[in-house]
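Q: no sequence on hand, only this structure:
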């Protein structure tokens, strides 16, 4: 409402209130309104000064008269005030709702991370292969029967491992690091022989995968990585017998 419209409104209220002091308050209030300048566009920051002047006048009125005026003002702007409070409450509720939603998402993420299980790499390979086909656990369980390696099938045949597979699918997983071993064939007459993967450092050197090539050697010029072998690498390349041979020293290493 513009200032001139407000002045005209209170002029028309002459004689409406019969309460003692109300007419005098109306006249004082009207005089103050007529002295005010219409705020110019772009000068909204001056509005608080006008409001302070009006509030100061209202405080000068007797308590009863002040209550009459406040009631009239609230009645006039009740709808605007109610809408503003509703909007404020709505925005606050929306903000708090978003905050709660984010907290729940974070809590669920933390829960899943805490519940992550460790699985071998060959299990992780099957899980990721199943995810490419379907996001459903039921489909993943069907996928395992025809797409797992022999090693995976032996692992999956244990009921406890099937439960582990389901948990890994639902909550995520961590690929457990395979144990590595340093293997030495004892030879007191001609010196000990070390079992090494001569291609172990080629991936770092040339940036591509290289097949495992195992051999016994006296040489100590290979990189440290070449001497650290997983059981899978040893067994799959025909050297599984060393784990049951008394003349071989097998030491677990980091």
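A: Noted; the coordinates are in hand. Predicted model, so just to flag it, every value in this text is computed and none were measured.
Q: which residues of the protein fall in strands?
A: Secondary structure of the chain, counting by DSSP state E: strands at 117-119, 173-175, 180-185, 193-197, 214-217, 229-230, 248-253.
Q: which one of those lies nearest to residue 161?
A: strand 117-119 (8.7 Å; CB to CB). Placement of C-beta: from N, CA and C, glycine included.
Q: which outside residues touch the closest one?
A: Strand 117-119 has contacts (CB atoms under 8 Å, 6 or more residues apart in numbering) with 127, 164, 165, 167, 168, 171, 173, 174, 175, 176.
Q: which of those are buried? Put it as a ChimeraX command.
A: Here is the ChimeraX command that selects the buried residues among these (16 or more other CB atoms under 10 Å):
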select :127,164,165,168,173
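Q: closest one of the contacts of strand 117-119 to residue 239?
A: residue 176 (22.6 Å).
Q: so the closest one touches residue 124, yeah?
A: No - look at residue 176 against residue 124 with CB atoms under 8 Å: they stay out of range, at 9.2 Å.
Q: in stretch 223-239, what counts as buried?
A: Buried-residue list, stretch 223-239, by 16+ other CB under 10 Å: 226, 227, 228, 229, 230, 233, 234, 237, 239.
Q: start to end distance for that stretch?
A: Chord length of stretch 223-239, first to last residue, is 21 Å (CA to CA, to the nearest Å).
Q: quick one: mean pLDDT for that stretch?
A: Across stretch 223-239, pLDDT averages out at 88.
Q: equivalent analysis for stretch 155-172, please.
A: On average, stretch 155-172 scores 91.
Q: ranges for the helices of the stretch 1-150 of the chain?
A: Using DSSP state H, counting those that start in this stretch, the helices of the stretch 1-150 of the chain run over 3-12, 22-35, 47-60, 63-76, 78-114, 121-131, 137-147, 150-156.
Q: need the ones you listed in a markdown table with distance to residue 190, can you?
A: Shown next, in a markdown table, are these (distance: least, CB to CB, whole Å):
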| stretch | distance to residue 190 |
| --- | --- |
| helix 3-12 | 110 |
| helix 22-35 | 114 |
| helix 47-60 | 99 |
| helix 63-76 | 106 |
| helix 78-114 | 53 |
| helix 121-131 | 37 |
| helix 137-147 | 47 |
| helix 150-156 | 36 |
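Q: so where's this protein uncertain?
A: For the chain, applying pLDDT under 70 flags the ranges 1-2, 17-21, 33, 36-50, 78-86, 90, 108, 111, 203-209.
Q: identify, from the contacts of strand 117-119, the entry nearest to residue 103.
A: Taking CB to CB as the measure, residue 103 sits nearest to residue 171 out of the contacts of strand 117-119, at 19.2 Å.
Q: that closest one touches residue 112, doesn't it?
A: Yes - at 4.6 Å, residue 171 and residue 112 qualify as touching, with contact defined as CB under 8 Å.
Q: can you give the domain ranges for this structure?
A: Annotated domains of the chain cover 3-76, 117-175, 180-253 [automatic domain parsing].
Q: could you tell me how far residue 167 is located from residue 123?
A: 11 Å (CB to CB, to the nearest Å).
Q: between the two, which contacts overlap?
A: Joint contacts of residue 167 and residue 123 (CB under 8 Å, 6+ apart) are residue 173.
Q: please name the nearest non-neighbouring residue to residue 151.
A: residue 122 (5.4 Å; CB to CB, 6 or more residues apart in numbering).
Q: and that neighbour, how far is that from residue 169?
A: Taken as CB to CB, the span from residue 122 to residue 169 is 15 Å.
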